[in-house]
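Engineer: build the 3D model from these lines:
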Amino acid sequence: MTRVVMSCELENLGCALARGIRRAMPLLLISSIACTASSQEVQPESSRIATGAAAITTQELELLVDSVMLSGMAAEHIPGAAFVLVRGGRIVLSKGYGFSDREANRLVVPDSTVWPFASITKVITATAVAQLADRGKLDLNADVNRYIRAFRVPATYAQPVTTAQLLTHTAGFDELRGRLTQSANEIKPLGEFLRDKLVRVHAPGTMTSYSSFGIALAGLVLEGASGLSYDEYLRRNIFLPLGMRSARIMSRAGTEKGLATGYEYGDSVVRRVPYEWYHSTPSSSFAATATDMASFMIAQLEGGAFNGKRLMSARAMRDMQTQHATMHPLIPGWGYGWQIRDTNGERVLEHGGDIGGFSSLVTLLPDSRTGFLIVGHREGANLRFDVKQALFDRYFPDRRNIKVPTPDSSHATRLAAFAGTYRANVYCHTCPDSLRSTQDFSVSANTDGTLTAFDTRWVEVAPLFFRDLTAQRRFGLAADSAGRITALTVGSWQVLEKIQ
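Structural biologist: Alright, predicted model coming up:
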């Protein structure tokens with residue numbers, strides 16, 4: 001039963017990288033708004049969320065989320081947003097804030113406002129692929145060319161590309177331009193679009209590099225293995241079993257019906273922005289309501305089960321959520337589609353989404369059977385991260401006692417080999433310089449046995465693993481078989497390749 005109510009990690013580096021490569025990734029005046037719309041399960045006042053760290057009433061959760069959402073929306077000029085939290089197989093809180101269409105005075109309602117989730121689409125695609133593998137129709141470790149009819153992935157390296165590598169962003173493809181298109185009518189079939197877009201710049205399995213083209217190829221593999229179009233496979237096998245009535249892939253004209261209006265803010269003005277259409281639909285084009293996303297989160301947290309139906313076996317779901325790739329054993333990496341994190345010491349599955357006019361974040365804590373989603377206006381908004389941090393600080397506080405490292409000057413000579421220039425590796429390596437947008441960072445060695453990077457001093461506390469002098473941040477270095485440093489990583493897609 002629902003009711004509608006109306007009432008009058010290396011975070012700095014992560015943010016820097018996100019701002020710089022967001023367009024390659026596919027991660028308003030609110031102060032006067034006093035009205036919010038919410039849809040939430042009716043529960044007794046004593047209803048509690050039990051976690052490993054805290055137990056709270058649903059009312060307390062709502063007060064906390066209200067405070068952070070409304071203050072953050074005002075600060076970032078965000079017209080509308082939605083929040084949903086699930087635990088133990090049910091929705092605990094689902095609530096809308098502000099307007100989905102400011103000019104029409106249309107409120108955000110979690111059950112009916114449809115949002116584009118941009119790169120969160122990658123998790124949807126990974127779930128469908130993992131499901132097909134669980135049914136015995138796809139070998140994740142086989143050459144992807146087994147399932148592709150439209151073309152052959154070039155044999156640039158001796159090792160073939162596998163579907164598992166596509167899902168962990170380790171296939172080694174370049175991040176070319178050209179995914180955006182002007183209208184739904186111009187969207188190309190996946191095979192036609194990808195035919196000349198799969199440029200290999202790393203041997204598969206050697207470098208994590210966030211790849212929208214790689215996940216798009218996973219969608220094409222899904223088509224070849226299933227015999228269905230990508231859209232139709234998801235409709236039959238993901239959306240219908242989960243009761244996600246609003247869910248759709250934005251791949252043709254008319255699919256934008258019911259979508260929230262996009263808004264951006266600049267020059268002290270809130271402005272509407274048109275919807276962005278993508279050729280790379282399996283990476284970029286999923287849309288749904290917040291409530292329907294709650295169903296997806298529940299299935300992920302309950303071992304693939306939802307309302308008596310099963311998307312995949314519990315074993316396959318565990319495998320999807322297990323880390324399969326990382327650039328350093330002490331730095332979280334990738335499951336199938338999911339970014340693995342350890343926020344406040346908790347094992348976390350996460351993915352963000354950014355598209356013109358919108359931003360979103362889905363976060364799961366499998367060990368606590370808890371997940372939440374924040375979605376709203378403005379690409380690149382920090383609101384979602386502020387809400388996440390507030391929830392973790394209150395309900396999952398960091399109880400680790402990490403020792404503050406002490407520099408050792410005897411390490412200075414060894415660290416000199418780590419100095420150099422590192423470049424965020426999600427960019428077009430093969431584009432002309434005039435079309436190449438890069439972010440470079442300098443790392444230098446100090447005589448006291450520390451490294452300086454990102455305006456901070458770092459101490460090596462384990463082989464190629466560094467913490468800052470507050471023990472709050474960390475990064476890892478990766479080396480090749482000859483011991484040469486090849487990359488710096490702070491986790492999942494945040495990888496810098498050493499260029500000199």
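
Engineer: what about residue 453, distance to residue 135?
Structural biologist: Distance, residue 453 to residue 135, using Cβ to Cβ, to the nearest Å: 46 Å. Where you see a C-beta, it was placed from the backbone N, CA and C, and this is true even at glycine.

Engineer: these two - which one has more neighbours?
Structural biologist: residue 453 (22 against 14; other Cβ atoms under 10 Å).

Engineer: for that one, which residues are in contact?
Structural biologist: 441-444, 475, 488 (Cβ atoms under 8 Å, 6 or more residues apart in numbering).

Engineer: most surrounded residue in those?
Structural biologist: Among those, the one with the most neighbours (other Cβ under 10 Å) is residue 488, at 31 neighbours.

Engineer: bridge partners for it, pull those for me.
Structural biologist: residue 477, residue 496 (DSSP bridges).

Engineer: check contacts around it.
Structural biologist: Counting by Cβ under 8 Å, 6+ apart, residue 488 makes contact with 422, 441, 443, 453, 475-478, 495-496, 498.

Engineer: that one and residue 423, how far apart?
Structural biologist: Separation of residue 488 from residue 423 (Cβ to Cβ) stands at 10 Å.

Engineer: returning to what we had before: can you tell me which of the contacts of residue 488 is nearest residue 278?
Structural biologist: Of all those, residue 278 sits closest to residue 495, with 23.3 Å by Cβ to Cβ.

Engineer: give the burial count for that closest one, as a bare number.
Structural biologist: Using other Cβ under 10 Å: residue 495 sits among 29 other residues.

Engineer: now swap in residue 219 and tell me
Structural biologist: 28.

Engineer: quick one, what contacts it?
Structural biologist: Counted by Cβ under 8 Å, 6+ apart, residue 219 has contacts 125, 190, 230, 281-283.

Engineer: longest helix in this protein, please.
Structural biologist: helix 58-76 (DSSP state H).

Engineer: before we move on, what SS does residue 140 have?
Structural biologist: Counting by DSSP: H, G, I helix; E, B strand; the rest coil, the backbone at residue 140 sits in coil.

Engineer: my guess is it contacts residue 167. True?
Structural biologist: Yes. Under the criterion of Cβ atoms under 8 Å, residue 140 makes contact with residue 167 at 7.5 Å.

Engineer: run through the strands of the stretch 51-200 of the chain in chain order.
Structural biologist: Counting by DSSP state E, counting those that start in this stretch, the segments of the stretch 51-200 of the chain that form strands are 55-57, 80-87, 90-101, 106-107, 114-116, 180-181.

Engineer: now the last one: average pLDDT?
Structural biologist: Strand 180-181 carries an average pLDDT of 92.

Engineer: how far does it sit from its chain's centre?
Structural biologist: Strand 180-181 sits 21 Å away from the centroid of its parent chain (Cα atoms, centre = their mean, to the nearest Å).

Engineer: direction included, what does it pair up with?
Structural biologist: When DSSP bridges is applied, strand 180-181 pairs with strand 277-278 (antiparallel).

Engineer: centre of the chain to the strand it pairs with, how far?
Structural biologist: 18 Å.

Engineer: other SSEs contacting the helix or strand just after it?
Structural biologist: As assigned by DSSP states H and E, the chain's next helix or strand after strand 277-278 is helix 281-284. Helix 281-284 sits against helix 121-134, helix 212-226, helix 230-234, with contacts defined as 3 or more Cβ pairs under 8 Å, 6 or more residues apart in numbering; DSSP states H and E.

Engineer: between the first one and helix 212-226, how many degrees?
Structural biologist: For the pair helix 121-134 and helix 212-226, the angle between their directions (axes from the mean of the first three to the mean of the last three Cα atoms, to 10 degrees) equals 30 degrees.

Engineer: go through helix 121-134 and flag the buried ones.
Structural biologist: 121-134 (16 or more other Cβ atoms under 10 Å).

Engineer: can you give me the strands in the stretch 251-400 of the chain?
Structural biologist: Going by DSSP E, counting those that start in this stretch, the stretch 251-400 of the chain shows strands at 262-266, 269-273, 277-278, 286-289, 305-306, 309-310, 339-341, 348-355, 358-365, 370-377.

Engineer: nearest to residue 58, out of these?
Structural biologist: Of the strands of the stretch 251-400 of the chain, the one closest to residue 58 (Cβ to Cβ) turns out to be strand 370-377, at 13.2 Å.

Engineer: CA atoms only for the closest one, dumped as PDB, please.
Structural biologist: Only the C-alpha atoms of strand 370-377 are listed here, as PDB (Å, rounded to 0.1, in the frame of the first residue of the first chain):
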ATOM      1  CA  THR A 370      20.100  -2.200   1.900                       C
ATOM      2  CA  GLY A 371      20.100   0.000  -1.200                       C
ATOM      3  CA  PHE A 372      19.200   3.500  -2.100                       C
ATOM      4  CA  LEU A 373      18.800   5.700  -5.200                       C
ATOM      5  CA  ILE A 374      19.100   9.500  -5.600                       C
ATOM      6  CA  VAL A 375      18.100  11.000  -8.900                       C
ATOM      7  CA  GLY A 376      17.500  14.600  -9.900                       C
ATOM      8  CA  HIS A 377      18.200  17.500 -12.200                       C
END
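
Engineer: can you pull the contacts of the closest residue to residue 253 other than its chain neighbours?
Structural biologist: In space, and not counting its chain neighbours, residue 253 is closest to residue 184: 4.2 Å by Cβ to Cβ, 6 or more residues apart in numbering. Residues near residue 184 by Cβ under 8 Å, 6+ apart: 250-256, 277.
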